[in-house]
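J.: give me the fold of what follows.
(one chain, ligands or ions: 1)
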Amino acid sequence: MIIDLRSDTITKPTQGMLDAMLSAKVGDDVYKEDPTVNALEERIAKMFGKKSALFFPTGSMANQAAIKLHTNPGEQVICDKYAHIYNYEGGGASFNSGVSCKLIDGHRGMFTVKQVVESINPPDFYHSPLTSLVAVENTTNKGGGACWDFEEIKKIRTVCNEHNLGYHLDGARLWNALVNTNETAFQYGEVFDTISVCLSKGLGCPIGSVLVGDENIMKGAIRIRKIFGGGMRQVGYLAAAGLYALDHHIDRLKQDHNKAKEIGEVLGSLSQIKTVEPIETNIIIFELDAGVSETEFVQKLAANNIHIIGMGSGKLRIVTHLDYTDAMHEKLLSIFANL
Ligand SMILES: *Cc1c(COP(=O)(O)O)cnc(C)c1O
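T.: Take a look at the predicted model:
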C-alpha cells in the first residue's frame, strides 16, 4: 500500500467518474458545440451567480488568462508573497501579461485591507507601475490551506472599487474553503470580478479548471485562452468528470479535513517535530526540530511507503485527498505514532 500525500493533484477518477466520462456527449468546444462543456460552464457560472464561465485545461492557465484580462503590460498586480500566481506559474504574469507583482508580506498567504491600501501606487505618480489588480488565494496553498476571513475579502472589494482595481480570486481550493466555513460560491461571486476554480485538486478529475466572471470582463477570455493554446475540441469527456465531481466529491472534502487534523495531532506529539501550523482544511505544514535531517525524515517515511514533500526552508507538507483511504489513514497514524 503506497500512501501518497505529496499533493491532492494525484487523485484518479473513480469508476463512477469514468462511467460518466465515457457516456458524455461531446462536440467541438472551439466552436462552443460541446454540450457537456457548455453544461459545466453554465452550472459553475450559476453557482457563482456570474454570467459567464470558461473551461480551462489548468488552473495556471485560468489564472494567467484572468491576469491578462485585468491588466495591460507594465502594470502591477498586488498579491501575497506566497501567491501561486507569483511562485508557481513559471513567471507567467511577467511572460504572458508583462506585469510585475507587488508582494504583500502577509500571514499564511493572506493579507489585510490596510496592506492592500499601502500597496497601491498613486495613479498620477508616473514613475511607478500602475496598480490594476488585486489577487487573493483561498484556500492558500503555501499558507497551509488557510481560509480567508470573508469580512476582510469584502473590505478589499470596497478598496478595489475606490481605486478602480480588478479583483481576482485564485480559488484552486475554494471548494475546501466553502466546505470548511459554510460560505457559498454565490457569496464569492458577488465580491470578485473573476474566480478560477480547480476540478483536479482532490476531486478525482484528471484535468480541468473553470474561470468565472462578469460578462464585460469575460468576453475577452475565449480569445486569450486560444492565444495561450488552450482552445480544446471534444473535451466534454473531461468536463463530464468535473460535473461528476461537483455532484459526488465536494461534500466529502470534510473527511479529508478531519483526517488532516488527526494527522496534525499525531505530528504535534512527536519529539522530532518543532511546530505544526494550524490545520483548517486538507493541508498540513510542519517544521522539523533543528537536529532532525529533512532528507532522512522524508526517506524514512518513504521506506514505509509514505510519500510527502519538502516546501523549502525546513518545512514539509502533507495533503489529504480523495484517494487517501481510511485504511491508509489508520496505517499512517500508527507509523507516525511509532516514529
Ligand atoms: C494547483 C493550484 C493552481 C493551479 O495549478 P495547475 O497545476 O496549473 O492546475 C492555482 N492556484 C493554486 C493556489 C493551486 O494550488
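J.: pLDDT value on the closest residue to the ligand within the stretch 151-300 of the chain, please?
T.: Closest residue of the stretch 151-300 of the chain to the ligand, CB to the nearest ligand atom: A172 (3.3 Å). Where C-beta positions appear, they are placed from N, C-alpha and C, glycine not excepted. On pLDDT, A172 comes in at 98.
J.: check contacts around it.
T.: G59, H84, E137, N141, S196, V197, C198, K201, S209 (CB atoms under 8 Å, 6 or more residues apart in numbering).
J.: for those residues, give me JSON lines that also has distance to the ligand.
T.: What follows is those, written out as JSON lines (distance: CB to the nearest ligand atom, whole Å):
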{"residue": "G59", "distance to the ligand": "2"}
{"residue": "H84", "distance to the ligand": "3"}
{"residue": "E137", "distance to the ligand": "5"}
{"residue": "N141", "distance to the ligand": "4"}
{"residue": "S196", "distance to the ligand": "7"}
{"residue": "V197", "distance to the ligand": "10"}
{"residue": "C198", "distance to the ligand": "6"}
{"residue": "K201", "distance to the ligand": "6"}
{"residue": "S209", "distance to the ligand": "6"}
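J.: of these, closest to I318?
T.: I318 lies nearest to N141 out of those, by CB to CB, at 13.2 Å.
J.: tell me the contacts of the residue lying closest to that closest one once chain neighbours are set aside?
T.: Nearest residue to N141, sequence neighbours excluded (CB to CB, 6 or more residues apart in numbering): H84, at 5.5 Å. Neighbouring residues of H84 by CB under 8 Å, 6+ apart: G59, S60, N63, E137, N141, K142, D170, A172.
J.: how many neighbours does the fifth one have?
T.: This points to N141. When counting by other CB atoms under 10 Å, one arrives at 24 neighbours for N141.
J.: and it, how far is that from S119?
T.: According to CB to CB, to the nearest Å, N141 stands 21 Å off from S119.
J.: and the protein, which residues reach the ligand?
T.: Residues of the chain lying near the ligand by CB under 6 Å from any ligand atom: T58, G59, S60, N63, H84, E137, N141, D170, A172, C198, K201, S209.
J.: rerun at 8 Å
T.: Residues of the chain lying close to the ligand (CB under 8 Å from any ligand atom) are 9, 58-63, 83-85, 88-89, 137, 139-141, 170, 172-173, 196, 198, 200-201, 209.
J.: can I have the buried ones of those residues as a ChimeraX selection?
T.: Buried residues within the residues of the chain next to the ligand, by 16 or more other CB atoms under 10 Å, are selected in ChimeraX with:
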select :58,59,60,61,62,63,83,84,85,89,137,139,140,141,170,172,173,196,198,200,201,209
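J.: just the ones of the residues of the chain next to the ligand in strands?
T.: Of those, the ones assigned to strands by DSSP state E are E137, D170, S196, C198, S209.
J.: so the last one is in contact with G59, correct?
T.: Yes. Look at S209 against G59 with CB atoms under 8 Å: they come within range, at 4.3 Å.
J.: overlap in contacts, these two.
T.: Common neighbours of S209 and G59, counting by CB under 8 Å, 6+ apart, are A172, S196, C198, S200.
J.: what sits against the third one?
T.: Contacts for C198 (CB under 8 Å, 6+ apart) come out as G59, G171, A172, R173, G208, S209.
J.: would you mind giving those as TSV with distance to W148 added?
T.: As requested, the contacts of C198 are exported to TSV (distance: CB to CB, whole Å):
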residue	distance to W148
G59	18
G171	10
A172	13
R173	12
G208	24
S209	19
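J.: out of those residues, which is nearest to I67?
T.: Proximity to I67 was ranked across these by CB to CB; first place goes to G59, at 12.6 Å.
J.: helices of the stretch 1-150 of the chain, residue ranges please.
T.: Secondary structure of the stretch 1-150 of the chain by DSSP state H, counting those that start in this stretch: the helices cover 15-22, 35-48, 59-70, 84-87, 92-97, 113-119, 150-163.
J.: let me see the mean pLDDT of the third one.
T.: Helix 59-70 shows a mean pLDDT of 98.
J.: quick one, what contacts the nearest residue to E41 once chain neighbours are set aside?
T.: What sits nearest to E41 in space, not counting adjacent residues and going by CB to CB, 6+ apart, is A53, at 4.1 Å. For A53, the contact set (CB under 8 Å, 6+ apart) comprises L40, E41, E42, I44, A45, V210, L211, V212, G213, M218.
J.: then Q234?
T.: Taking CB under 8 Å, 6+ apart, we find Q234 in contact with V26, G27, D28, D29, D34.
J.: repeat that for 7 Å
T.: Q234 makes contacts with V26, G27, D28, D34, as judged by CB atoms under 7 Å, 6 or more residues apart in numbering.
J.: weed out the non-buried ones from those residues.
T.: V26, G27, D34.
J.: so how far is R43 from I156?
T.: Where R43 is concerned, I156 sits at a distance of 27 Å (CB to CB).
J.: scratch that, Y244
T.: Look at Y244 and R43: by CB to CB, they are 12 Å apart.
J.: looking at the two, which one has more neighbours?
T.: Y244 (23 against 16).
J.: what about the closest residue to the more buried one other than its chain neighbours, how many neighbours?
T.: Leaving aside its sequence neighbours, Y244 sits nearest to A20 (CB to CB, 6+ apart; 4.2 Å). Neighbour count of A20, defined by other CB under 10 Å: 21.
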